[in-house]
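**Student:** Return a 3D structure for these sequence lines:
(one chain, ligands or ions: 1)
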Amino acid sequence: MTPMLFDTHAHYDDEAFDADRDALLVALPQQGVALVVNPGCDPASSQKAVALAERYPHVYAAVGWHPENCAPYTPEGLAAVEALAAHPKVVAIGEIGLDYYWEENPPRELQRQVFREQLALAQRLELPVIVHDREAHGDSLAMIQEFPQVRGVFHCYSGSPEMARELVKRGWMLSFTGVLTYKNAKKAVEVAREIPLEHLMIETDSPYMAPVPCRGQRNDSTLVRHVCEKLAEIKGISAEECARITLENGKRFFSIP
Ligand code: NI
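**Tutor:** Numbering: from 1, shown residues only. All right, here's what the predicted structure looks like:
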């Protein structure tokens, strides 16, 4: 099989892959996965993402501080993220953003500070950003509007069609996970139908969010084909064409040759 699929978001530094990480990553190109971006969730996880990118030609890294992991936040940690961003295989700052879903998450004010400082970092380094927005659509949109020069992707997109249109108008991308294949994913399907394909990317968010028919299992990049097939069905095109276009979108977005 020609490797055609681009899984634009997978966490292989997660301990869920401790038993078979190497075997799994080595085999991806033979299984149709051409490229993977592994975002970091804090300075230590970002360091691991960079190490994986160094080891596998088809793996790239993003570095950043996830809103769920941003306490304790230190300027030294942010400096470590900035230093990692200089690595040639780091293609974005991420994942960063706001998560108002969990009560026990770091305080919203801290989340906004850490998000804002990383948007400023992305602007300074001229890198795109990977945004995590859960139950924080209004604040996330307001925050990125403070940085009109920064471009990025809202990963695992869960906002409204109106917000999607606003993001696309600003040159941003949206990406979809296995959630697109779930029965209750009406809003995501509606957005995927409406937004032009050149603004869409696909991802697994492994080890989470496994698509139907593997929902509930550990996810990995080979399963991104189910997301691709679902998106192709929504768009009324073949899975091959959807794979080819989302691969090109990802390469363009992350500046991967
Ligand atoms: Ni993620």
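
**Student:** Residue 188: neighbour count?
**Tutor:** 23 (other C-beta atoms under 10 Å). Any C-beta I mention is one placed from the backbone N, CA and C, and that applies to glycine too.

**Student:** show me where the stretch 151-257 of the chain has helices.
**Tutor:** Counting by DSSP state H, counting those that start in this stretch, the stretch 151-257 of the chain has helices at residues 161-169, 186-194, 224-235, 239-253.

**Student:** Next, the angle from the longest one to helix 224-235.
**Tutor:** So that's helix 239-253. Going by axes from the mean of the first three to the mean of the last three C-alpha atoms, to 10 degrees, helix 239-253 is angled at 100 degrees with respect to helix 224-235.

**Student:** Could you pull out the buried residues of helix 239-253?
**Tutor:** In terms of neighbour count (16 or more other C-beta atoms under 10 Å), helix 239-253 has its buried residues at 239, 242, 243, 244, 245, 246, 247, 249, 250, 253.

**Student:** Identify, from those residues, the entry nearest to residue 190.
**Tutor:** Using C-beta to C-beta, residue 242 is the member of the buried residues of helix 239-253 that lies nearest residue 190, at 17.6 Å.

**Student:** tell me the contacts of the closest one?
**Tutor:** The contact partners of residue 242, by C-beta atoms under 8 Å, 6 or more residues apart in numbering, come to 197, 228, 229, 231, 232, 235.

**Student:** By neighbours, which of these wins?
**Tutor:** Per-residue neighbour counts (other C-beta under 10 Å) across the contacts of residue 242 peak at residue 228, which has 28 neighbours.

**Student:** Can you read off the pLDDT for residue 72?
**Tutor:** Here the pLDDT value assigned to residue 72 is 88.

**Student:** ok, now which ones touch it?
**Tutor:** Neighbour list for residue 72: empty [criterion: C-beta under 8 Å, 6+ apart].

**Student:** I'd like the distance between it and residue 55.
**Tutor:** Relative to residue 55, residue 72 is positioned 30 Å away (C-beta to C-beta, to the nearest Å).

**Student:** can you check residue 82 too?
**Tutor:** 22 Å.

**Student:** where does the stretch 1-150 of the chain dip in pLDDT?
**Tutor:** 1-3 (pLDDT under 70).

**Student:** quick one, helices of it?
**Tutor:** Here the stretch 1-150 of the chain has its helices, by DSSP H, counting those that start in this stretch, at 21-27, 43-55, 75-85, 108-125, 137-145.

**Student:** Any chance of those helices in CSV with mean neighbour count and distance to residue 68 as columns?
**Tutor:** Formatted as CSV, those follow (neighbours: other C-beta atoms under 10 Å; distance: least, C-beta to C-beta, whole Å):
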stretch, mean neighbour count, distance to residue 68
helix 21-27, 15, 22
helix 43-55, 20, 12
helix 75-85, 16, 15
helix 108-125, 18, 9
helix 137-145, 17, 14
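
**Student:** Go through the protein and flag its longest strand.
**Tutor:** The residue-count maximum for a strand in the chain (DSSP state E) belongs to strand 90-99.
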